[in-house]
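>>> got a predicted structure plus its sequence, pasted below:
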Amino acid sequence: MTDDAGPEAGRAPRLGAVVRDTVRGRVGRVMGHVGPYVQLRPLAGGREWDADPLHVRPLTPRELLSALVAEANARSRQFG
């Protein structure tokens, strides 16, 4: 098994950071820290989930841009 968590693994990301949960393959915004977990929420809104900080990594600039464009597209479809 490879370690895909990256060099930032284990460090609690700051509130508001956009990160990837490598276990679930999902992107979310850091909403808080509860116990040993990081609470993430999908960029377009929705239910939060808990992620292990060992399996959360910051997005690359390309991934961040892609995630933000997807969020804007989802919003435009919802309110368009």
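Done, it's in. Numbers count the residues shown, from 1 in each chain.

>>> what helix or strand does residue 44 sit in?
Using DSSP states H and E, residue 44 maps to neither a helix nor a strand.

>>> ok, it touching residue 74?
Yes. Residue 44 is within contact range of residue 74, at 4.1 Å (criterion: Cβ atoms under 8 Å). Just so you know, the C-beta spots here come from the backbone N, C-alpha and C atoms, and that holds for glycine as well.

>>> so what's the residue lying closest to residue 37 once chain neighbours are set aside up against?
Excluding the flanking residues, the one nearest residue 37 by Cβ to Cβ, 6 or more residues apart in numbering is residue 50, at 4.0 Å. Under the criterion of Cβ atoms under 8 Å, 6 or more residues apart in numbering, the neighbours of residue 50 are 34, 37-40.

>>> make a markdown table out of those residues and add pLDDT and secondary structure.
Shown next, in a markdown table, are the contacts of residue 50 (pLDDT from 0 to 100; DSSP: H, G, I helix; E, B strand; the rest coil):
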| residue | pLDDT | secondary structure |
| --- | --- | --- |
| 34 | 94 | strand |
| 37 | 96 | strand |
| 38 | 97 | strand |
| 39 | 98 | strand |
| 40 | 98 | strand |
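
>>> any idea whether the residue nearest to residue 37 is helix, strand or coil?
Classification of residue 50 using DSSP: H, G, I helix; E, B strand; the rest coil returns strand.
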